[in-house]
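K.L.:
Build the 3D model from these lines:
(one chain, ligands or ions: 1)
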Amino acid sequence: MKPVRKAIFPVGGLGTRFLPATKALPKEMLPVVDKPLIEYAVEEARAAGIEEFIFVTGRGKTAIEDHFDNHYELEQTLRERGKRLELDQVNGAKLQPGQVAYIRQMEPLGLGHAVWCARNLINDEPFAVLLADDLIQSDKPTLLDMVEAYEEHGGNVVSLMEVPDRHTSRYGIVDPGLSNDRLVEIRGLVEKPDPADAPSNLAIVGRYILQPSVMDYLGSAESGAGNEIQLTDSMMKMVGEGPFNGLRLEGTRFDCGSKVGFLAAGVAYALARDDIGAELHAALSDILDN
Ligand code: G1P
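P.N.:
Have a look, this model is predicted:
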């Protein structure tokens, strides 16, 4: 079984839900407390053993490239001022030469198309996909949990969570087979079904470990839900080819693609911090009391 060494980060989206903030700033650079969303996803991938980071970008996204690169003036200034903590944070975020690639999606044709754009860098290895919008606060990094399930069972692994029945049309939904503790066999997948047609209320969270054969299906895929090329539709074609499992996530998932989810994430992450948690708690109490 080949190890999972590569990860794709689709970051080409326009971020229209956060305009005007995202007019000149990639939505993936919006900070949760003091760290951009995309850095949380990269940290999670690193913790899961990922060695190659492939960003599928679009116009106006160069701030992401700059974020993971050297910044000589800033580093020099921090060094001169003795700001060691800040310097460590800036250095810790960097990706090393040869570890990172940026590919342009060029047309916003959907998540499936974004993943397919990275096909020549994936070749014949299994790979992870992380959607930075899905921020997961957990003790154990979700992708690491999934890599361990992959090492035990092979095939494809997606992250799952239960959603209210009325929300099935917001997610990829799976048709579950046998389950063993948190592991759920997947018999089918459908993108954004109406509640009446949904095979369950188990939704795919934006974490995937996929076999490279999905690229062949994506290459000939037609538009699906929302008139976009959907990753879920090509994953459906892989059911029966080999093991296909979902892993129920542990922890709390925030939908940072929505305003409320993004704000809730900021509050939750800040409350969990030793340096500002108590102060924020007091400030929130004041706001809520008034
Ligand atoms: C994407 C996927 C969907 C998945 C969701 C998780 O949808 O297409 O299957 O459930 O991410 O966040 P999007 O949120 O991009 O519409």
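K.L.:
which residues of the stretch 151-290 of the chain fall in helices?
P.N.:
214-219, 231-236, 259-271, 277-289 (DSSP state H, counting those that start in this stretch).
K.L.:
Pick the most deeply packed of those.
P.N.:
Neighbour counts (mean count of other CB atoms under 10 Å) averaged over each of the helices of the stretch 151-290 of the chain peak at helix 231-236, with a mean of 24. Quick note: C-beta positions are derived from backbone N, CA and C, even for glycine.
K.L.:
What is that one packed up against?
P.N.:
helix 111-116, strand 172-180, strand 183-191, strand 202-210, helix 214-219 (3 or more CB pairs under 8 Å, 6 or more residues apart in numbering; DSSP states H and E).
K.L.:
Check the residue lying closest to Gly277 once chain neighbours are set aside and give its pLDDT.
P.N.:
Nearest non-adjacent residue to Gly277, counting by CB to CB, 6 or more residues apart in numbering: Leu271, 4.9 Å away. In the predicted model, Leu271 carries a pLDDT score of 98.
K.L.:
closest point of the protein to the ligand, which residue?
P.N.:
Nearest to the ligand, among the residues of the chain, is Gly172, at 2.5 Å (CB to the nearest ligand atom).
K.L.:
so what's that residue up against?
P.N.:
Applying CB atoms under 8 Å, 6 or more residues apart in numbering, we find Gly172 in contact with Leu189, Val190, Glu191, Lys192, Ala203, Ile204, Gln230, Leu231, Thr232, Met235.
K.L.:
out of the residues you listed, which touch the ligand?
P.N.:
Counting by CB under 6 Å from any ligand atom, Glu191, Ala203, Ile204, Gln230, Leu231, Thr232 from the contacts of Gly172 sit close to the ligand.
K.L.:
how about the strands in the stretch 51-200 of the chain?
P.N.:
Assigned by DSSP state E, counting those that start in this stretch, the strands in the stretch 51-200 of the chain fall at 52-57, 100-104, 127-130, 134-137, 156-162, 172-180, 183-191.
K.L.:
So what sits opposite the residue of the chain closest to the ligand in the bridge?
P.N.:
Gly172 has these beta-bridge partners by DSSP bridges: Glu191.
K.L.:
I'd like to know how far it sits from Ala270.
P.N.:
30 Å (CB to CB, to the nearest Å).
K.L.:
Compare the contacts of Gly172 and tell me which is most surrounded.
P.N.:
Neighbour counts for these peak at Leu231, which has 31 neighbours (criterion: other CB atoms under 10 Å).
K.L.:
quick one, what contacts that one?
P.N.:
Gly110, Leu111, Gly112, Val115, Val129, Gly172, Tyr208, Val214, Leu218 are the contacts of Leu231 under CB under 8 Å, 6+ apart.
K.L.:
Which parts of the stretch 1-150 of the chain are helices?
P.N.:
With DSSP H, counting those that start in this stretch as the criterion, the stretch 1-150 of the chain has helices spanning 37-47, 62-67, 72-80, 84-92, 111-116, 119-122, 142-153.
K.L.:
Would you format these as JSON lines with distance to Asp255, mean pLDDT and mean neighbour count included?
P.N.:
Converted to JSON lines, these look like this (distance: least, CB to CB, whole Å; pLDDT from 0 to 100; neighbours: other CB atoms under 10 Å):
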{"stretch": "helix 37-47", "distance to Asp255": "12", "mean pLDDT": "97", "mean neighbour count": "21"}
{"stretch": "helix 62-67", "distance to Asp255": "20", "mean pLDDT": "95", "mean neighbour count": "15"}
{"stretch": "helix 72-80", "distance to Asp255": "32", "mean pLDDT": "95", "mean neighbour count": "12"}
{"stretch": "helix 84-92", "distance to Asp255": "26", "mean pLDDT": "93", "mean neighbour count": "12"}
{"stretch": "helix 111-116", "distance to Asp255": "15", "mean pLDDT": "97", "mean neighbour count": "25"}
{"stretch": "helix 119-122", "distance to Asp255": "27", "mean pLDDT": "96", "mean neighbour count": "15"}
{"stretch": "helix 142-153", "distance to Asp255": "14", "mean pLDDT": "97", "mean neighbour count": "20"}
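K.L.:
Dump those to CSV, plus distance to the ligand.
P.N.:
Below are the helices of the stretch 1-150 of the chain laid out as CSV (distance: least, CB to the nearest ligand atom, whole Å):
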stretch, distance to the ligand
helix 37-47, 12
helix 62-67, 18
helix 72-80, 33
helix 84-92, 27
helix 111-116, 5
helix 119-122, 18
helix 142-153, 12
